[in-house]
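Visitor: Return a 3D structure for these sequence lines:
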Amino acid sequence: MRIAIDTGGTFTDCVFVRNGKLEILKVPSQRDMPEEAISAAVRQARKQFASTHVFSDDRGLDLVCATTVGTNALLERRGGRVLLVTTAGFEDLLEIGRQARTKLYDFFVDKPEPLVPARDRIGANERLAWDGATIQELSRQEVGRIVRIVRRAKPEAVAICFLFSFRNRRHEKQLADALRKAGYLTSVSHEILPEFREYERTSTTVVNAYLAPLMSGYLLGTQNRARAAWYSGPRPRTATTPVRVRVMQSNGGIISAEKAAQQPVTTILSGPAGGVIGAAYAAKLAGLSKIITLDMGGTSTDVALLSGELRTTSESTAAGFPVAVPMLEIHTVGAGGGSIARFDRGGALRVGPESAGAEPGPICYGRGEQPTVTDAHAVLGHFGATGLLGGSFPLDAARARSMMENARGAFRRVEDFADGIVAVANAVMEKAIRVISVERGHDPRDYTLVAFGGAGGLHACDLASALEMRSVLLPLFPGGLSALGILRADVVREFSRTVLLAVHDARQGSAEFRKLFGPIAMEAKRALRQEGFPPSRIRVEQRLDMRYAGQAYELSVPASGDFVAAFHRVHGQRYGYHDSSRAVEIVNLRVRATGITEKPAAETIARAPRGSKMPIAGSLDCVLNGERQSAAMVARAELRNGDSFVGPAVISEYSATTLVPICWHAQVDRHGQILLTRTRKTGRHARNN
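Guide: Numbers count the residues shown, from 1 in each chain. Here you go, the predicted model:
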């Protein structure tokens, strides 16, 4: 059985297949012990599965997880103590960094303190030339000296990054072998990122070492607890199939827990990546090729832009530190359902980035005391009287109203305060969407907004209206779409190598780099065979990072056909100009190896009989667009293929709630997805259908 779990700030989402149908369940997240929430989800999934199946003790489990452990550890500086060993003379590289200023006109910008302080950096007496030739050998005596220093320092992990080791890994391997033999958790740059740019390579390796102790313990705990939950105790002697754990990566693929423990830097955007994969699948079912994703959870909102294919970048930062491993292009802002509302010193209303999380949670959850976005929706009547999770998670709207009444500041009414909180949250998310669209030359009016996460549907139509987008897609299980994306993800391994090769035309370049690609492709295939994939289920994609001679940045193009012409074309699309007469360089070779996993089949729902009435659960009084209105309550589980209605309406389901304002039309497709379209035409309200 295959189960996918996405650990969020408020809820942990679980998706699995039972009787040929997707099922979802949610359990409260546990911030300090996320593996406990995972084991609780596994236990509940096993119970539900066993209720309709003969459950034998030897049935195995394939558990695929997304995690925020690495991201939170970086943001909160809770990683392990790391020693950095680098080429003598380069010990201060982490502090020198790049001289680019992230905020050009801000004289008070504080750079984050390095993850490794100066006292924990060791200069090794070794040196390689730019081409990998040895200038100064790393002697056995020097290796012994460094190992003795490490023993005295007693770090939790060691990072090794030597100058030009992407050309020649011999010195790094020599020291890494000695440190690993001595029992130290060691991250080595030629294993993590064998590419040029010394600062980014060092930073990425240090981040990996910083996260490794925490992630190793977390993944080991997850495996043990998942095994105990699945077998309801220690694994029985009769069990022949193990519990296997895989982890979502930032690049949209999954890897084994063992590999994730060695390279945790690849999991920093684990959860949001699952959401993008799920949104791409939902858009494909709906026949949409150009989408903007809106993943609004309890703590943050993640947005991404897709035009037919997933977009990755190797120029990302995490908590202010460069991380140069491939990641999906995702932009995150601190606006979620649990984001806390407050007034600043000037009296202006602010929302986020601080979040109430699962503990204590929003006021309406019964324990929180600070107003949040979720409390604002509760006061505005958007949840009705049923609460969340199909009524199993009640909300105390009266408590939220009472405490927000005392915190409303200069607002005349508590409803105005709540409406203001929603408006500020919308403004934060609208700006995030503009960053990935308008600021990069994309017109949001050409895209459909795919809204998911527990709170995405509450804000989707308002955001689409503000950006003049005509349609919003509500996927199946919006509150668990990230988990569904994880369930459908393939195993992916990324490999790269810096070559710095000048080319004049595609024919000449192909002959030179094809020989270099061979060993990388073989390594990639070998890695997937070790994951258990036969050759028939392995796909290998080769790409080139290219630039004009003299440039300091690259663009990635497929390593097939006339790749030089492709580079000129992509450069023109991205930056508005290209020059076919200029010399071109191949900077990095990249190989993406994919192991194709089994995926659940797309579900379909029954078609509504001609002339049948819309299934309406009732009505509720709520505030929409600043006005109190009567809205229809639509139970999504009762909708059929072909059902349609116009707002105002509130669509309720187990994993999410969606607001459909006036002038928005809803149409249900055969997969149970709902397409909301902005219209000024008069239509029948849901309660009258």
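Visitor: so the residue nearest the centre of the chain, which of the three states?
Guide: Here the mean C-alpha position of the chain is nearest to the C-alpha of Pro272 (Cα atoms, centre = their mean), at a distance of 2.0 Å. Three-state call for Pro272 (DSSP: H, G, I helix; E, B strand; the rest coil): helix.
Visitor: what's it in contact with, if anything?
Guide: Contact partners of Pro272, counting by Cβ atoms under 8 Å, 6 or more residues apart in numbering, are 295, 302, 304, 328, 330, 332, 482. Heads up, the C-betas are built off the backbone N, CA and C, glycines and all.
Visitor: Trp230 too?
Guide: Contacts of Trp230 (Cβ under 8 Å, 6+ apart): 42, 46, 61, 243.
Visitor: could I get these as a markdown table with neighbour count and secondary structure?
Guide: Putting these into a markdown table (neighbours: other Cβ atoms under 10 Å; DSSP: H, G, I helix; E, B strand; the rest coil) gives the following:
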| residue | neighbour count | secondary structure |
| --- | --- | --- |
| Val42 | 25 | helix |
| Arg46 | 20 | helix |
| Leu61 | 21 | strand |
| Val243 | 21 | strand |
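Visitor: just to revisit the earlier point, pull up the gap between the residue nearest to the centre of the chain and Gly297, please.
Guide: Going from Pro272 to Gly297 by Cβ to Cβ, to the nearest Å gives 9 Å.
Visitor: now do Val333
Guide: Val333 sits 12 Å away from Gly297 when distances are taken as Cβ to Cβ.
Visitor: Settle it for me: which of the two has more neighbours?
Guide: Set side by side, Val333 and Gly297 show more neighbours around Gly297, with 28 against 20, by other Cβ atoms under 10 Å.
Visitor: wait, doesn't the more buried one sit right on Thr12?
Guide: No. In this structure Gly297 lies outside contact range of Thr12 using Cβ atoms under 8 Å: 11.1 Å.
Visitor: in this protein, which segments are predicted with low confidence?
Guide: Within the chain, the stretches with pLDDT under 70 are 53-59, 232-241, 508-511, 680-689.
Visitor: domain ranges for it?
Guide: Structurally, the chain divides into domains by automatic domain parsing as follows: 56-268, 344-350+363-424, 492-595.
Visitor: Which among the ones you listed is found nearest to Glu23?
Guide: When the domains of the chain are ranked by distance to Glu23, counting by Cβ to Cβ, first place goes to domain 344-350+363-424 at 12.4 Å.
Visitor: end-to-end on the closest one?
Guide: 13 Å (Cα to Cα, to the nearest Å).
Visitor: Which parts of the stretch 551-689 of the chain are helices?
Guide: 563-575 (DSSP state H, counting those that start in this stretch).
Visitor: Which residue ranges of it form strands?
Guide: Per DSSP state E, counting those that start in this stretch, the stretch 551-689 of the chain carries strands over the ranges 555-558, 584-595, 618-624, 627-635, 644-646, 649-652, 657-660, 664-668, 674-678.
Visitor: could I get the ones you listed as a markdown table with mean neighbour count?
Guide: What follows is the strands of the stretch 551-689 of the chain, written out as a markdown table (neighbours: other Cβ atoms under 10 Å):
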| stretch | mean neighbour count |
| --- | --- |
| strand 555-558 | 18 |
| strand 584-595 | 22 |
| strand 618-624 | 18 |
| strand 627-635 | 18 |
| strand 644-646 | 22 |
| strand 649-652 | 25 |
| strand 657-660 | 25 |
| strand 664-668 | 21 |
| strand 674-678 | 21 |
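Visitor: I'd like these laid out as JSON lines, including distance to Gly454.
Guide: Written out in JSON lines, the entries for the strands of the stretch 551-689 of the chain read as follows (distance: least, Cβ to Cβ, whole Å):
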{"stretch": "strand 555-558", "distance to Gly454": "34"}
{"stretch": "strand 584-595", "distance to Gly454": "30"}
{"stretch": "strand 618-624", "distance to Gly454": "18"}
{"stretch": "strand 627-635", "distance to Gly454": "17"}
{"stretch": "strand 644-646", "distance to Gly454": "23"}
{"stretch": "strand 649-652", "distance to Gly454": "12"}
{"stretch": "strand 657-660", "distance to Gly454": "8"}
{"stretch": "strand 664-668", "distance to Gly454": "19"}
{"stretch": "strand 674-678", "distance to Gly454": "16"}
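Visitor: Mind checking these for the one nearest to Pro34?
Guide: For the strands of the stretch 551-689 of the chain, the distance to Pro34 is smallest for strand 657-660, at 24.9 Å, taking Cβ to Cβ.
Visitor: what sits up against stretch 261-270?
Guide: The set of residues that contact stretch 261-270 without belonging to it, under Cβ under 8 Å, 6+ apart, is 65-68, 70-71, 74, 191-192, 204, 207-208, 211-212, 214-216, 219-220, 247-251, 255, 260, 316, 318, 323, 325, 327-328, 330, 494.
Visitor: repeat that with 6 Å
Guide: Applying Cβ atoms under 6 Å, 6 or more residues apart in numbering, the external contacts of stretch 261-270 come out as 66-67, 70-71, 204, 207-208, 211-212, 215-216, 219, 247-250, 260, 318, 325, 327, 330.
Visitor: For it, output the C-alpha coordinates as CSV.
Guide: Listed in CSV are the C-alpha atoms of stretch 261-270, where the atom choice follows Å, rounded to 0.1, in the frame of the first residue of the first chain:
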residue,chain,number,x,y,z
ALA,A,261,19.4,11.9,5.3
GLN,A,262,22.7,12.3,3.4
GLN,A,263,21.5,15.2,1.3
PRO,A,264,18.8,17.0,3.3
VAL,A,265,19.5,20.3,1.4
THR,A,266,17.5,18.8,-1.5
THR,A,267,14.3,18.7,0.7
ILE,A,268,14.1,22.4,1.8
LEU,A,269,11.0,23.1,-0.4
SER,A,270,9.6,19.6,0.1
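Visitor: Alright, I will stop here.
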